[in-house]
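>>> Test case, fold it:
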Amino acid sequence: MEILAMENLAVSVTFWSALAAMAAFVLQLGLKKAPLKAVGMAAMGVALVGSLVTLILRAQIAQHAPWSNLWESMITVMFGSLVFYFIVELWYKPKNFGLVAAPLVVLLIGGASILPPGFKGAAPLMPALQSYWIKVHVLIMLFSYAAFTMSFAAAVAYFFLAWKSGKQTPHTAPDELVGNQDTKPEVDKQLAFFDELTYRLILMGFPLLMIGIITGAMWANGAWGTYWSWDPKETWALITWFIYAAYLHARISRDWTGHKAQGLAGLGFCSMAVTYIGVNYLSHGLHSYGFIR
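Prediction:
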């Protein structure tokens with residue numbers, strides 16, 4: 001089988017596995033059948049392997065790090081999101097996290113699959129990208145995006161549960177994470193769980209974003225002779241950093257929890273989305289070639 005055909009097969013397996021996982025998690029919620037969660041997690045595992053195989057094959061095809069265009073980067077973010085998903089599932093064992101995580105994975109692989117050919121094809125790197133920094137800076141940034149994507153999934157789960165139950169904001173952390181022995185109702189425990197989970201995923205993504213910005217500045221100095229040029233992507237990355245820094249400050253120093261904290265986390269995700277994709281459509285800058293040629 002040709003390597004391109006193998007790559008297409010891996011993408012198809014990844015997409016259908018993610019879709020099957022989403023269906024299994026939805027059925028689990030409706031039918032209350034525990035085995036369906038295992039089915040969903042198994043399908044997410046297949047999607048994880050499929051995305052990794054896709055990246056390996058693309059690296060062989062392109063002969064460079066497989067995150068140089070929009071399609072490749074979306075596969076990488078999806079792979080990273082699945083890694084963080086399994087960290088959450090295996091460490092915290094939440095009840096319904098897959099219900100919100102799987103749709104985001106489907107959106108990533110589905111969105112990557114319908115991109116025009118010009119956004120997907122393997123091509124030689126531009127001179128400015130022919131650097132070892134592409135293996136470091138870009139990968140770190142994309143994994144920070146993956147962590148923030150899963151934190152957004154946790155925030156969505158929080159707001160959905162709060163809306164469904166009509167509960168007010170809880171202000172204590174859940175038994176599952178910190179070992180409290182309180183007797184709160186189950187809904188309050190779940191709300192507090194997702195509130196804390198959002199925080200912990202942002203704690204994973206924030207240092208990655210900071211390291212990504214620093215390594216990007218070092219790469220920029222080598223490529224363009226300046227550490228910072230107020231390029232739109234640089235500027236929005238800094239804005240995103242400030243929003244998540246504000247979230248962590250409010251959470252740690254001001255004891256923000258619940259609706260206020262989740263809303264600020266959602267704002268951070270929106271800023272991250274603009275950083276990742278939006279500036280490539282809405283403006284022109286030094287980073288535009290990275291995804292849109």
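>>> buried set for stretch 106-123?
Of the residues in stretch 106-123, 106, 108, 109, 112, 113, 119, 120, 122 count as buried by neighbour count, 16 or more other Cβ atoms under 10 Å. Where C-beta positions appear, they are placed from N, C-alpha and C, glycine not excepted.
>>> what sits up against stretch 247-255?
Identification of contacts with stretch 247-255 by Cβ atoms under 8 Å, 6 or more residues apart in numbering yields 171, 199, 202, 203, 206, 256, 257, 260, 261, 264, 265, 268.
>>> can I get these in a markdown table with distance to residue 18, pLDDT and neighbour count?
Written out in a markdown table, the entries for those read as follows (distance: Cβ to Cβ, whole Å; pLDDT from 0 to 100; neighbours: other Cβ atoms under 10 Å):
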| residue | distance to residue 18 | pLDDT | neighbour count |
| --- | --- | --- | --- |
| 171 | 35 | 46 | 12 |
| 199 | 26 | 95 | 22 |
| 202 | 23 | 97 | 27 |
| 203 | 26 | 96 | 15 |
| 206 | 26 | 96 | 21 |
| 256 | 33 | 85 | 22 |
| 257 | 31 | 86 | 21 |
| 260 | 32 | 90 | 14 |
| 261 | 29 | 91 | 24 |
| 264 | 29 | 95 | 20 |
| 265 | 23 | 95 | 24 |
| 268 | 24 | 96 | 28 |
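>>> Now the two most distant members of the buried residues of stretch 106-123.
Put simply, by Cβ to Cβ the two of the buried residues of stretch 106-123 set farthest apart are 106 and 122, 24.1 Å from each other.
>>> For residue 77, pull up the helix or strand it's in.
Element membership for residue 77, per DSSP states H and E: helix 70-92.
>>> Off-centre distance for that helix?
Put simply, helix 70-92 sits 6 Å off its chain's centre (Cα atoms, centre = their mean, to the nearest Å).
>>> Are there helices or strands packed against that helix, and which ones?
With contacts defined as 3 or more Cβ pairs under 8 Å, 6 or more residues apart in numbering; DSSP states H and E, the packing partners of helix 70-92 are helix 35-62, helix 97-113, helix 139-165, helix 186-224.
>>> Please identify which of these is closest to residue 3.
Closest among the helices and strands packed on helix 70-92, once you apply Cβ to Cβ, is helix 35-62, at 5.9 Å.
>>> Figure out how far the closest one is from the centre of its chain.
Here the centre of helix 35-62 is set off from its chain's centre by 15 Å, with Cα atoms, centre = their mean.
>>> Would you indicate which residues of it are buried?
36-37, 39-41, 43-55, 57-58, 62.
>>> quick revisit: could you export the buried residues of stretch 106-123 as TSV, including distance to residue 28?
Shown next, in TSV, are these (distance: Cβ to Cβ, whole Å):
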residue	distance to residue 28
106	16
108	22
109	21
112	26
113	26
119	35
120	33
122	38
